[in-house]
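>>> When you get a sec, could you give me coordinates for this:
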Amino acid sequence: MNELFEIKNLNMYYPVTDGLIGNITGYVYALNNVNLDIYKNEILGLVGESGSGKSTLGSCILKLITPTSGEIFYESENILKKNKKQLKEFRHDAQLIFQNPYMSLNPRMKIREILKEPFIIHGIKDNVDEKIKRIINLTGMQDEVLDRYPHEFSGGQRQRIAIARAIILNPKFIVADEPVSALDVSIQAQIVNLLINLKKHLNLTMLFISHDLSIIKYISDRVAVMYLGEIVETALKDEFFNNHKHPYSQALLDAVPVISQKEKSKKIILNGDLPSPNNLPKGCKFHTRCPYVNEKCKVSMPNLKEISPAHFVRCFLYE
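Sure thing, here's the model as predicted:
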C-alpha cells in the first residue's frame, strides 16, 4: 500500500493550571505515542469511546493544533515543519467535515458565499461559479439552494452543504469528525452513502471518526481503535470484525445490542468509566478495565505488534 500520511510517535499534552497564578500542576495526556499510517484512496475508520483522543488526532493531522511532539508526514513531507505559506498549500489538499452542521456554517452568509470563501482564501478566480454549481449538484442539491441561508435547511441538507465546502477545492484528504452523529438515523444512511460515492468519484482518502461501529463497518476499508490516546488495534475491516483480538475491541463490539441470550452470555462488559487522561494508569492503559489483566499488565506497556498481515494489536496476550 502507498502511504498518504505517516504518523510517528505523536504526543499531545494539554497543561493544567491552578487557575490563580497560572502554575502548571499537571497535564491532560490526549495522545500518547501514536503511530499510524493512512493509505491513499482508503477510508480509515477511527473508533473509540468519547474522550479517547479521536478528534484530537484528526486536528493534529490537519495541524489545526500543534502536537507536543512527534512527526506527521504527508506525501513524505513533515507538515509540522511547514511554514505559513506551505501550510496554506497543504490545507488546499486536506479538509475537515465538522460534527455539527448547525454550528459549522455561518448563519449570516448565503450558501454561495460560504462555498466561494475557500476560493477567495486560496486566490482562485477562474470558473468559480461553475465549480460551485458542480459541487453542490454532486452532493445531491440543486443550484437554487445557493441563494438561501443555512437556517432554511434541515440538518441533513446542512451537512451536505458542509461536505460541499470541504470538497470544493478538490482535496486529496478529508477528516470526517463524527459527521453523522447529530443527524436522524434515516439521514445518516444518506450522508454515509454520499461520502462513499464522493470517495470513489473524487479519489479521496478519508479519516472517518465515529463511535458507531455499525457505520464504521459499512464505510471503512480499514479500522483503527483508540483507547486513552493510544492505538490499540488496527486491521482491515473484514479482519477486524471477524477476527478482532484486543479485549477493548471486543468490549466495543459487545456494546452493540443483541437479542439472543446466548450471545449476551459471551459479552465483555466494561466496568467503570474511562480513566482520567490527566492521571493515566501505569503499564497497559486498559488494565484497570480488562477481564484478562495480570501483574505484567499493571507495570509494563505492551507494544503494537503485527500478529498477521496488516493486523496490529497492543496486548500482552499476543506477545
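
>>> And the residue nearest the centre of this protein?
Ile209 (3.1 Å; CA atoms, centre = their mean).

>>> and it, what does it touch?
Leu46, Lys54, Ser55, Gly58, Val175, Ala176, Asp177, Glu178 (CB atoms under 8 Å, 6 or more residues apart in numbering). All C-beta atoms are positioned from the backbone trio N, CA, C, and that covers glycine.

>>> hey, what's the fifth one bridged with?
Bridge pairing for Val175 (DSSP bridges) gives the partners Leu96, Leu207.

>>> Could you tell me how many residues sit around it?
Under the neighbour criterion other CB atoms under 10 Å, Val175 is assigned a count of 24.

>>> could you check the distance from it over to Lys125?
To Lys125, Val175 is 27 Å away according to CB to CB, to the nearest Å.

>>> and what of the third one?
When distances are taken as CB to CB, Ser55 and Lys125 turn out to be 34 Å apart.

>>> ok, the two, which is more surrounded?
Ser55 (17 against 7).

>>> right, and the helix or strand after the host helix or strand of the more buried one?
When elements are assigned from DSSP states H and E, Ser55 belongs to helix 54-61. Downstream of helix 54-61, the first helix or strand assigned by DSSP H and E is strand 69-74.

>>> quick one: low-confidence ranges for the stretch 201-319 of the chain?
Where the stretch 201-319 of the chain drops to pLDDT under 70, the residues are 258-266, 272.

>>> Would you map the helices across the stretch 1-150 of the chain?
Secondary structure of the stretch 1-150 of the chain by DSSP state H, counting those that start in this stretch: the helices cover 54-61, 84-93, 111-121, 128-138.

>>> Give me the contact list for the second one.
Helix 84-93 is contacted by residues Leu62, Lys63, Tyr74, Ile79, Lys82, Ile121, His122, Leu169, Pro171, Lys172, Phe173 when judged by CB under 8 Å, 6+ apart.

>>> now the residues you listed in a markdown table, with neighbour count and distance to Asn303?
Shown next, in a markdown table, are the contacts of helix 84-93 (neighbours: other CB atoms under 10 Å; distance: CB to CB, whole Å):
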| residue | neighbour count | distance to Asn303 |
| --- | --- | --- |
| Leu62 | 21 | 28 |
| Lys63 | 17 | 27 |
| Tyr74 | 23 | 26 |
| Ile79 | 20 | 26 |
| Lys82 | 16 | 30 |
| Ile121 | 12 | 42 |
| His122 | 12 | 42 |
| Leu169 | 18 | 39 |
| Pro171 | 18 | 34 |
| Lys172 | 17 | 31 |
| Phe173 | 21 | 28 |
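
>>> Between which two of these is the distance greatest?
Using CB to CB, the contacts of helix 84-93 span at most 19.3 Å, a distance reached by Tyr74 and Ile121.
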